[in-house]
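> Quick one, structure for this:
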Amino acid sequence: MNATMYYSDYLQLDKITGSQEPVSFKDGNIPAHDEMLFIIIHQAYELWFKQILFELDYILKVFDKQAINDNSEDLNLVLHRLRRITRIFELLNQQVSILDTMTPLDFLEFRNLLTPSSGFQSAQFRLIEATLGLQMQNRHQSGYYKRTGEGGFDKEDYERINEREATQNLAQLINNWLERMPFFEEQFWKNYKYSSHEKITDHIFWNDYRHVYNTSLTAREANKIIDFDYVFFNKIPEDATGERLNNLRSTFSAKALRAALFIMLYRDFPVFQTSYQILDALIEIDHLMSNWRHKHLIMVRRMIGMRVGTGNTSGAGYLEGALNKHYVYRDIAGLSTYLIERRNLPKLPDELIKHLSFNVE
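Below you'll find the predicted structure:
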């Protein structure tokens, strides 16, 4: 006969509530009251990180499929999981305000006891970044991330992170999913009434759209058409530098970004509703992670000023560099640069409208 389930047994509360062991309370040290808060805040972070990774694991499995039916439950469940992740990051951002109730002098009472450990050693947060698609070459001070030993990762975490970074991440799977979008196939465009006779691209829709976008630009924005041609058609400007090209498009292919822009432009069609909201959720997660980094930066500046971090980083200086550089879905967020007014959108052919309305015969 099974024992009756009890609340604390089910949640293993003895393990959870018994896992706070402030170093300052050990023999030979002076107890620092706020170390308990510091530990609980960071343990709560790690529990939520575990939940985020759990949700991302499900999302990866869906996008790893060779074909995803837009009319199935898959994309709706992906959207649901992504929205849950955004809510968790909203909570994590709010949680910083609780840690802010600790003053710099309170922190100094136990800070030196933490050396050389640091938040950098959160393997779960690193796994979240890698799973979402933050690649090594796009990291601030990328060489710093491959450290082991003092101030770096232990061997087990280091191997876990390397394994994750060696497999396909969510950004790559999203890119593949976007590239498979079938809406530019010839069968849908046989009766399209184009308005522009320019043949800058290989597709009549994009010739039209490029023309409308170009005419919408002001004199000060005229060079944006050059950016447009690179972002969506790989036409490299004559005076382009590697840094400029990377700022324009760093993670997603031109083909994928054409599909993403098309989804944004025509998101009112039923078949695009969920896809658009998925892209929007990814942008929101990027922004929330950036907000979290910013709050962390402000907190560190308040706590230690410009002193070296406990893990031997440059402290606030390191966090500021990561804040400015660690965006994963910047390419998708940047598509708003290339939108035009809704009333000027090219009218789609009837064959495609039927398909986008789930009315395929």
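> Quickly find the element holding residue 53.
helix 35-63 (DSSP states H and E).
> Give me the neighbour count for residue 301.
Residue 301 sits with 15 neighbouring residues when counted by other Cβ atoms under 10 Å. Using the backbone N, CA and C atoms, a C-beta is placed for each residue, glycine as well.
> now do residue 68
15.
> Which neighbouring residues are in contact with it, exactly?
If you count contacts by Cβ atoms under 8 Å, 6 or more residues apart in numbering, residue 68 has them with 62, 74-75, 177.
> where's it relative to residue 329, distance?
Using Cβ to Cβ, to the nearest Å, one gets 19 Å for the distance from residue 68 to residue 329.
> same check, this time on residue 52
Using Cβ to Cβ, residue 52 is found at 16 Å from residue 329.
> do residue 74 as well
On the measure of Cβ to Cβ, residue 74 and residue 329 end up 20 Å apart.
> Which residue ranges of the stretch 151-300 of the chain form strands?
For the stretch 151-300 of the chain, strands defined by DSSP state E, counting those that start in this stretch do not occur.
> what's the next secondary structure element after the lowest-mean-pLDDT helix or strand in the chain?
Sorted by mean pLDDT, DSSP states H and E, the helices and strands of the chain end with helix 316-325, the least confident at a mean of 60. Later in the chain than helix 316-325, the nearest helix or strand by DSSP H and E is helix 330-333.
> and the following helix or strand past that following helix, which residues are buried?
As assigned by DSSP H and E, the chain's next helix or strand after helix 330-333 is helix 350-356. Within helix 350-356, the residues that count as buried by 16 or more other Cβ atoms under 10 Å are 352, 355-356.
> before we move on, the earlier item: okay, and which of the contacts of residue 68 map to helices?
62, 74-75, 177 (DSSP state H).
> Longest helix in this protein, please.
In the chain, taking DSSP H as the definition, the longest helix is helix 270-304.
> Where does pLDDT dip in the stretch 101-250 of the chain?
Within the stretch 101-250 of the chain, the stretches with pLDDT under 70 are 136-147.
> how about 90 then?
Along the stretch 101-250 of the chain, segments meeting pLDDT under 90 span 114-121, 134-154, 158, 182, 186, 193-202, 237-248, 250.
> Grab the nearest non-local neighbour of residue 132.
Distances taken as Cβ to Cβ, 6 or more residues apart in numbering place residue 328 nearest to residue 132, at 5.0 Å, with adjacent residues excluded.
> Look up how far residue 262 lies from the one you found.
Taken as Cβ to Cβ, the span from residue 328 to residue 262 is 21 Å.
> quick one: whatever helix or strand residue 79 lives in to helix 35-63, angle?
Using DSSP H and E, residue 79 sits in helix 73-99. For helix 73-99 against helix 35-63, the angle by axes from the mean of the first three to the mean of the last three Cα atoms, to 10 degrees is 170 degrees.
> Would you mind extracting the C-alpha trace of the helix or strand that helix 73-99 is followed by into CSV?
Using DSSP H and E, the helix or strand that directly follows helix 73-99 along the chain is helix 104-108. Output of helix 104-108 as CSV, limited to C-alpha atoms (Å, rounded to 0.1, in the frame of the first residue of the first chain):
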residue,chain,number,x,y,z
PRO,A,104,26.5,48.1,-0.3
LEU,A,105,27.7,47.9,3.3
ASP,A,106,25.5,44.9,3.9
PHE,A,107,27.1,43.2,1.0
LEU,A,108,30.6,44.0,2.0
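> helices or strands up against helix 104-108?
helix 270-304 (3 or more Cβ pairs under 8 Å, 6 or more residues apart in numbering; DSSP states H and E).
> got the buried residues for the helix it packs on?
Buried-residue list, helix 270-304, by 16+ other Cβ under 10 Å: 271-286, 288-289, 291-293, 295-297, 299-300, 303-304.
> ok, for the spatially most central residue of the chain, nearest residue in space, not its chain neighbours?
Nearest to the mean C-alpha position of the chain, by Cα atoms, centre = their mean, lies residue 286 at 3.8 Å. Leaving aside its chain neighbours, residue 286 sits nearest to residue 329 (4.6 Å; criterion: Cβ to Cβ, 6+ apart).
> who's in contact with that neighbour?
133, 171, 251, 282-283, 285-286.
> what's the most distant pair in the residues you listed?
Within the contacts of residue 329, two members stand farthest from each other by Cβ to Cβ: 251 and 285, at 14.1 Å.
> Next one: residue 46 from residue 40, what distance?
Here residue 46 is placed at a distance of 11 Å from residue 40 (Cβ to Cβ).
> Centre of the chain to stretch 292-300, how far?
In terms of Cα atoms, centre = their mean, to the nearest Å, the centre of stretch 292-300 is found 17 Å from the chain centre.
> Please disregard the earlier target; I meant stretch 287-301.
15 Å.
> pull the CA atoms of that stretch into PDB?
What follows is stretch 287-301, C-alpha atoms only, in PDB (Å, rounded to 0.1, in the frame of the first residue of the first chain):
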ATOM      1  CA  HIS A 287      14.500  42.400 -24.600                       C
ATOM      2  CA  LEU A 288      13.600  40.900 -21.100                       C
ATOM      3  CA  MET A 289      17.100  39.300 -20.900                       C
ATOM      4  CA  SER A 290      18.600  42.600 -21.800                       C
ATOM      5  CA  ASN A 291      16.500  44.300 -19.100                       C
ATOM      6  CA  TRP A 292      17.700  41.700 -16.600                       C
ATOM      7  CA  ARG A 293      21.300  42.300 -17.600                       C
ATOM      8  CA  HIS A 294      20.800  46.100 -17.300                       C
ATOM      9  CA  LYS A 295      19.200  45.700 -13.800                       C
ATOM     10  CA  HIS A 296      22.100  43.500 -12.800                       C
ATOM     11  CA  LEU A 297      24.600  46.100 -14.100                       C
ATOM     12  CA  ILE A 298      22.900  48.900 -12.100                       C
ATOM     13  CA  MET A 299      22.900  46.700  -9.000                       C
ATOM     14  CA  VAL A 300      26.600  45.800  -9.300                       C
ATOM     15  CA  ARG A 301      27.500  49.500  -9.800                       C
END
